[in-house]
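[1] one predicted model, sequence on top.
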Amino acid sequence: MPDIPWEERPKGTEAVMWRCSANPIIPRDLLSTSNSIFNSAVVAFEDKGPRRFAGVFRCDDTNRRMRLHVGFSPDGLNWQIEENDVPFEGADPEVARWEYGYDPRVTKIDDRYWITWCNGYHGPTIGVAWTDDFKTFHQLENAFLPYNRNGVLFPRKINGKYAMLSRPSDTGHTAFGDIFYSESPDMEFWGRHRHVMSPAAFEESAWQCMKIGAGPVPIETSEGWLLLYHGVLRSCNGYVYAFGSALLDIERPWQVLARSGPYLISPREIYELTGDVPNVTFPCAALHDPETGRIAVYYGCADTVTGLAFGYIPEIVEWTKRNSIV
């Protein structure tokens, strides 16, 4: 997709990823009821016009309830987000009973757009739904038992099965977290769980020493699946969320080929350092152009607003290999 949002690398820097000069691209109060808009997912949707890009957005309201809303954009920068919640339908009433939903991802597989999110069902678990028009959303069974977060689908079947990354957790903030891989024949029954990777040792890579979780949909490259993921450091001033990169084996994605020791993006700007939850950069979506290698990554900033960062996939792949701690 050649017309993704894009800015060239600023002069005078050799950064592997750099921030959009218009950040934050989505303010906290874009909706009449929103306290914050962050940790959201976007995809290419229609060829042209105001629905060129679509997304599912985490919009915490002024009751501080965690809600999901649909949005559209002609350019990936300027967004119109609907005031009403995502209209899920079709699920068993037991599963459809809404408690909360947050941190969505959107993955196109064949002719459907699949939404996964942290769904409240006696604790956090992974909700699953699909749409083909971003108007009607067909909800399935939850993928896993509580407690789980950061459910991220691969963009195609692997060895004939749907594949998902997730991060088992607990009822609280979760002072731990490994990434796991799971498979499903039908997007409803999940099994063949495999461990992918754990937090790094503090002395090896401190920014990801407490817990980690999958970010945007993995990108298939000639060197493996490129996975951007967040890591958490517990500092004397609280938690700090940064993100880095890994390469996973194409046919056995639970095998890590490379994993960055340094981070790509960490809280630095005022909109990342200050907000409802300070010191957070949390990636949830990426648009990319295979022809040029460009990538635009959407990330939540301080659990308050949405930012955008840019890079080149070949550079990120080579940087990950060169700085790998595997």
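    The structure has been received and is ready for your questions.

[2] drop to CA atoms for contacts and neighbour counts, all remaining ones
    Noted.

[3] residues contacting the residue nearest the centre of the chain?
    The centroid of the chain falls nearest to residue 284 when counting by Cα atoms, centre = their mean (1.9 Å). Neighbouring residues of residue 284 by Cα atoms under 8 Å, 6 or more residues apart in numbering: 39-41, 103-105, 215-217, 297-300.

[4] which of the residues you listed lies closest to residue 51?
    Nearest to residue 51, judged by Cα to Cα, of those is residue 41 at 14.7 Å.

[5] just say helix, strand or coil for that closest one.
    For residue 41, the assignment made with DSSP: H, G, I helix; E, B strand; the rest coil gives strand.

[6] before we move on, the earlier item: ok, the contacts of residue 284 vs residue 146, which is closest?
    Using Cα to Cα, the shortest approach to residue 146 within the contacts of residue 284 belongs to residue 103, at 15.8 Å.

[7] how close does the residue lying closest to the closest one once chain neighbours are set aside sit to residue 56?
    The spatial neighbour of residue 103 that comes closest, neighbours along the chain excluded (Cα to Cα, 6 or more residues apart in numbering), is residue 39 at 5.1 Å. With distances defined as Cα to Cα, to the nearest Å, the gap from residue 39 to residue 56 amounts to 10 Å.

[8] what residues are shared contacts of these two?
    Between them, residue 39 and residue 56 have residue 104 as joint contacts when contacts are counted by Cα under 8 Å, 6+ apart.

[9] in the stretch 1-150 of the chain, which spans are strands?
    17-19, 34-44, 53-61, 66-73, 80-85, 88-89, 101-109, 112-120, 124-131, 137-139, 148-153 (DSSP state E, counting those that start in this stretch).

[10] same check, this time on the stretch 151-300 of the chain
    For the stretch 151-300 of the chain, strands defined by DSSP E, counting those that start in this stretch occupy the ranges 162-168, 179-184, 191-197, 211-214, 219-221, 224-235, 238-248, 256-259, 281-289, 294-301.

[11] what strands flank the first one, and is each parallel or antiparallel?
    Read it as strand 162-168. Based on DSSP bridges, the strands next to strand 162-168 in the sheet, each with its direction, are strand 148-153 (antiparallel), strand 179-184 (antiparallel).

[12] nearest to residue 206, of these?
    strand 179-184 (17.2 Å).

[13] that closest one to strand 191-197, inter-axis angle?
    The directions of strand 179-184 and strand 191-197 differ by 160 degrees, with axes from the mean of the first three to the mean of the last three Cα atoms, to 10 degrees as the criterion.

[14] identify the residues contacting strand 179-184?
    Applying Cα under 8 Å, 6+ apart, the external contacts of strand 179-184 come out as 161-168, 190-198, 212-214, 253-254.

[15] contacting residues for the spatially closest residue to residue 220 that is not a sequence neighbour?
    Nearest non-adjacent residue to residue 220, counting by Cα to Cα, 6+ apart: residue 226, 6.3 Å away. Neighbour list for residue 226: 218-220, 245-248, 317 [criterion: Cα under 8 Å, 6+ apart].

[16] and for residue 35?
    Applying Cα under 8 Å, 6+ apart to residue 35 gives the contacts 28-29, 59-62, 64, 304.

[17] touching, residue 286 and residue 218? I think so.
    No - at 9.0 Å, residue 286 does not count as touching residue 218 under the criterion of Cα atoms under 8 Å.

[18] quick one on the thing from earlier: turn the strands of the stretch 1-150 of the chain into TSV, columns for distance to residue 272.
    Compiled in TSV, these are given as follows (distance: least, Cα to Cα, whole Å):
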stretch	distance to residue 272
strand 17-19	11
strand 34-44	11
strand 53-61	17
strand 66-73	20
strand 80-85	22
strand 88-89	31
strand 101-109	17
strand 112-120	22
strand 124-131	25
strand 137-139	32
strand 148-153	20
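
[19] so which of the ones you listed is nearest residue 310?
    Residue 310 lies closest, by Cα to Cα, to one member of these: strand 17-19, at 5.4 Å.

[20] partners of the closest one, with directions?
    On the basis of DSSP bridges, the sheet neighbours of strand 17-19 come out as strand 305-312 (antiparallel).

[21] tell me the first helix or strand C-terminal of the partner strand.
    Sequence-wise, the next helix or strand beyond strand 305-312 is helix 313-322, with elements assigned using DSSP states H and E.
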